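Novice: Quick one, what's the 3D model for this:
(chains A and B)
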Amino acid sequence: MNKRRLDLLQGTLDMLVLKALRLGPEHGYGISVLIRNMSNEILLVEQGSLYPALYRLEDQGWISSEWGTSDNNRKAKFYRLTESGRKQLQAEKDNWVRMSAAINLVLNAT
Amino acid sequence: MSVLHKLFRSLRGVFQKRAIDQAMDDEMRSHIEMQTRDNLAAGMSPEEAATVACRQFGRVEAIKESCRDQRLTSWLENLARDVAFAFRQLGKNPGFTAVAVISLALGIAANSTIFSFVNTLLLSPPPVGEPNELWQIWRLNAKPASELKRYQVWSRREIAYLREHNQLFTGIGAFEFEPQFTTWNRNGTGESVQSLLVSGNFFDLCLIKPALGRFFQPSEDRTPGTHPVVVVSYGFWQRQLAADAHAIGQTLMINGTSLTVIGVAPKEFRGLVAGISPDLWVPFMMAPSVLRDADWLTRIDSHSVAGLGRLKPGVEMAQGTAELTLLTRRFEEEIHGPDLQDGAILTPSLMVPVLLRGFVRAFTGTLMGAVFLVLLIACANAANLQLARAVTRRQEMAVRSALGAKRGRLIRQLLTESVVLAALGGGLGLLISLGLTRLAGHLVPATLPIRLAVDLDWRVLSFTAVVSAITGILFGLAPALRGTRMDVADTLKDESRGTAAGRSRLAGILIAGQMALCLVLLLSAGLCLRSLLKASAFNPGFEVKERITAGFNLGDFGYSTAQAREFYTRLTERVRGLPGVQSAALASFLPLGTEHSNGIFQLEGEKPPGGESGVSFHQFGAGPGYFVTMGTKVLQGREFQETDREGTPRVVIINEEAARRYWPGRNPLGRRIYIGDVRTENAAEIVGIVQTGRYQTLGEDPIPVFYECFDQIDRSRATLVAHVRGNSQLGLAAIRRVTLELDPRLALIGATTLEQHLSLALFPVRTSSLLLGVLGLVALVLAVSGLFGVVAYSVSQRTREFGIRLALGAQRHDVLRLVLGQGLRLAAWGIVAGLFGAVGASHLLRNLLFGVGPLDPATFLAVPPLLLAVAWLACLIPALRASSLPPMTALRRE
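Specialist: Down below sits the predicted model:
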């Protein structure tokens, strides 16, 4: 297993969480697993940043939460993307695409 | 998430920390469990799986803590952002902000000012130690003639009896309810100072510490006249003793008795009764010497002191009341025989004692109502301004909402703006109110023994804060709801159409409401003003112009009866000889002042009607020439003469009311009244009848009165009145000079003109008409500026419509009429509604009115048209502007 870890860029965690929830409602553990899997095990989300981020996003009104049952019948708190969260994700994504394109241009310049 | 929901959640965050913690715990535990399960699936042993899961998760408490921080910070950040944004918005519209803040400041200032009075008078305990355990003790009259007489003061002997026989109190003390005007002989000249007689344990019961020196010791109030000591007030020490630390041990010559200053009361302690701030506190045992009244301590028929006590630990108030009631009845039985009615009652110590609370409560209640109306008008004004702004901000709102802002978020933003406005208004209002309370002290007439000190304390500050917050929500909510309710697409398409109708309906209701409230206040003010005019023009039964008066208290200086008579004879002779003095005479005291004397008397050869024990009279003493000097008409018989002296037959003069009531259809002249027991030497012959005047208050029903001849009664205290042509101040100075020539130790008490003297009787009606007048004016300015604003705004919105009308051939006066009609219709609706409100409000004012009914036709006919006329003027300016627009300009606009 590739254990090379990458620190998340400042401010990108929110975007990744929103993206993970774009696929459907998920609980905290599920989100961290999703991000790890989608990034080919490169991005490891620390729980110490994940949960504060979830509370922050909920207060912004971008995600909402409710208690439900996980696939193996355990009580878990599920988060769901809201309409304004969807817009926020789109905005951050556009931003990110432009930003990374610009950074690539700079780094690849000869 | 709605604002309320969010607010609720953050409140829950504060109050239900435990529940939220629990939820966080659950969530994290489920996370670790799932991690453990996956670890097991990856092939770890169960123990290893759990340990690794925990390690992977990290420190639970630290994570929880940062979650909590996250939540609080985001709430505070939002709030800070909203407040900053609100300030930016308000800064963009300085005109709007200024008008709204000033409106609110006026409304809030009025409320804070009146509340400061209520606070000082009705809510604050006196500045004593452990005020909640200090009880005031009153004599309870089980069958009072009026509610005001239910609570009574005690005689000194009754209090002494209670103090000696009670078991349940750690101490019982007493103080004279009213201060004595005493003369301080300061290096040869007299100065009038207020002395309050108190029991020796008075300060100990108050649990206060002297600012300097010490208070009385128990031994200093046991034996009459042996311990000449005095405690001075902090103010007296500052003003008159130059704040000198060596003042302790000095002697003050008070009424010819020298008293040693032993202490200075603390600065905040001005006594236990609002409005009465004595200069000196003198122990009871010194009263016989200071007042030259040997029987003062033992007299049982003179009720003048209020009781004060602290209960022993664990004793209930009801037990204390029961014990004192029992003792009161036992004392009464020893003196007068069995009496099972009267008793004692304990009341909490407050600055307005229970026996005056009814009046004060009614008065301040009326004012609180009035200032609340002003606040409502101010709120309506601010709401209308917000509404007008909401329309111009519709596009901003639409854009923000299109960008994803929730309605709740927008409402919260608008409400924050309102609350910021209200807070600014509250701050300014507090400053205004600070100035007003300082000013209010000057309303009290000089003749009243009252020095009013109103303080701003935490109660007033929190009242103002709460009123401001409620105000902000009150005037902000409707415009915020209205301003954020919209169809985004519609608004973005064309922002000049559509919602004007909805807005103007709400604005119209607000304007009509303002007008209604304004009318209620103006009518109330009008009624009070009419009473004041009536009262001022009213004939009190004597002339007021060109009359001056001054009081003397010779008893204070040890004059014997004969010496006093000699002094007064020489005084009146000298005053009559002064230039400009038409006549001068003596009296015991003047009507419509603070002093009164009344009782039940027997008439010679008459049976009192209906089983009564006698007939009631108010008594006055008058010297020769009194009625001429006062300008009171003698209707029958004669006035007192120099020949009515001690030794000649006793004579009295009655007023017309007494003649009408007690000798209906007969001639009272030559008949006799027993002044005292039914004995020949107490019989006084009626020699004259004078016109009925006003004696206690200007609004009273006629009172039967008799005047005794001043020269035939033993009076060491007297009031001189003189009829003086020319400058009355010069006249008063001349009388002062003559007095000092006769006895340099003397001080004139309450030397003033009769006009000033009457200010006492006019005090209630003058104060209420002044206050309501000012409030009415403020209300008028607010309401009319509100009307002006709304009409002007609607004109600016309808410019294109007017242009079309004019282009299609409408005349200018048609447009004028259109605009005026719109404004006046609102005003008229408000006035009609206001009339109904005013009928109710004026009934509440009934007790303050004098000579006019609560539905006084003149006021009710004059004020509404006046308000309508002012409203017409307010609408005229925008109407003229609308009608004078060139049609093409109007059409091109927008």
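
Novice: ok, the residue most central in space within chain A to chain B distance?
Specialist: By Cα atoms, centre = their mean, chain A has its centre lying nearest to A:V17, at 1.8 Å. Taking Cβ to the nearest Cβ, to the nearest Å as the measure, A:V17 falls 13 Å from chain B. C-beta coordinates here come from the backbone N, C-alpha and C atoms, glycine included.

Novice: thought that residue was touching A:L57?
Specialist: Yes. A:V17 is in contact with A:L57 according to Cβ atoms under 8 Å; the separation is 6.4 Å.

Novice: gap between the helix or strand bottoming out on mean pLDDT in chain A and the chain center?
Specialist: In chain A, no helix or strand scores lower on mean pLDDT, DSSP states H and E than helix A:47-60, which sits at a mean of 83. Helix A:47-60 sits 10 Å away from the centroid of its parent chain (Cα atoms, centre = their mean, to the nearest Å).

Novice: Quick one: name whatever helix or strand follows it.
Specialist: Moving toward the C-terminus from helix A:47-60, the next helix or strand (DSSP states H and E) is strand A:63-69.

Novice: For that following strand, buried residues please.
Specialist: Using 16 or more other Cβ atoms under 10 Å in any protein chain shown as the test for burial, strand A:63-69 gives A:I63, A:S65.

Novice: Stretch B:681-693 too?
Specialist: Of all the residues in stretch B:681-693, those buried under the rule 16+ other Cβ under 10 Å are B:A683, B:A684, B:I686, B:V687, B:G688, B:I689, B:V690, B:T692, B:G693.

Novice: B:Q636 and B:I689, how far apart?
Specialist: Distance, B:Q636 to B:I689, by Cβ to Cβ, to the nearest Å: 4 Å.

Novice: per-residue pLDDT, the residue nearest to the centre of chain A?
Specialist: Looking at A:V17, its pLDDT stands at 91.

Novice: Show me which residues of chain A are close to chain B?
Specialist: Selection of chain A residues close to chain B by Cβ under 8 Å from any Cβ of the partner chain yields A:27-30, A:33, A:46-48, A:51-53, A:55-56, A:59-61, A:70, A:72, A:74-77, A:83-84, A:87-88.

Novice: Could you list every helix and strand that the helix ranked longest in chain A packs against?
Specialist: Assignment by DSSP state H gives helix A:83-108 as the longest helix of chain A. The helices and strands touching helix A:83-108, judged by 3 or more Cβ pairs under 8 Å, 6 or more residues apart in numbering or on different chains; DSSP states H and E, are helix A:12-22.

Novice: Next secondary structure after the helix it packs on?
Specialist: strand A:26-27.

Novice: one step back: need the residues touching each of B:Q636 and B:I689.
Specialist: Common contacts of B:Q636 and B:I689, defined by Cβ atoms under 8 Å, 6 or more residues apart in numbering or on different chains, comprise B:L669.

Novice: Point out where chain A drops to low pLDDT.
Specialist: Across chain A, the ranges flagged by pLDDT under 70 are A:1-11.

Novice: what's the answer for the stretch 1-150 of chain B, then?
Specialist: Looking along the stretch 1-150 of chain B with the criterion set at pLDDT under 70, you get B:1-19, B:70-71, B:74, B:145-149.

Novice: Now do the strands in it.
Specialist: Per DSSP state E, counting those that start in this stretch, the stretch 1-150 of chain B carries strands over the ranges B:134-140.

Novice: can you list the residues of it near chain A?
Specialist: When proximity is defined as Cβ under 8 Å from any Cβ, the stretch 1-150 of chain B approaches chain A at B:1, B:23-24, B:26-28, B:30-31, B:33-35, B:37-38, B:56-59, B:62-63, B:66-67, B:69-71, B:74-75.

Novice: What segments of the stretch 751-894 of chain B are helices?
Specialist: Listed in chain order, the helices of the stretch 751-894 of chain B (DSSP state H, counting those that start in this stretch) span B:754-797, B:799-807, B:812-844, B:857-883, B:887-892.

Novice: can I get the ones you listed in CSV with mean pLDDT?
Specialist: CSV is the format used below for these (pLDDT from 0 to 100):
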stretch, mean pLDDT
helix B:754-797, 80
helix B:799-807, 81
helix B:812-844, 87
helix B:857-883, 88
helix B:887-892, 68
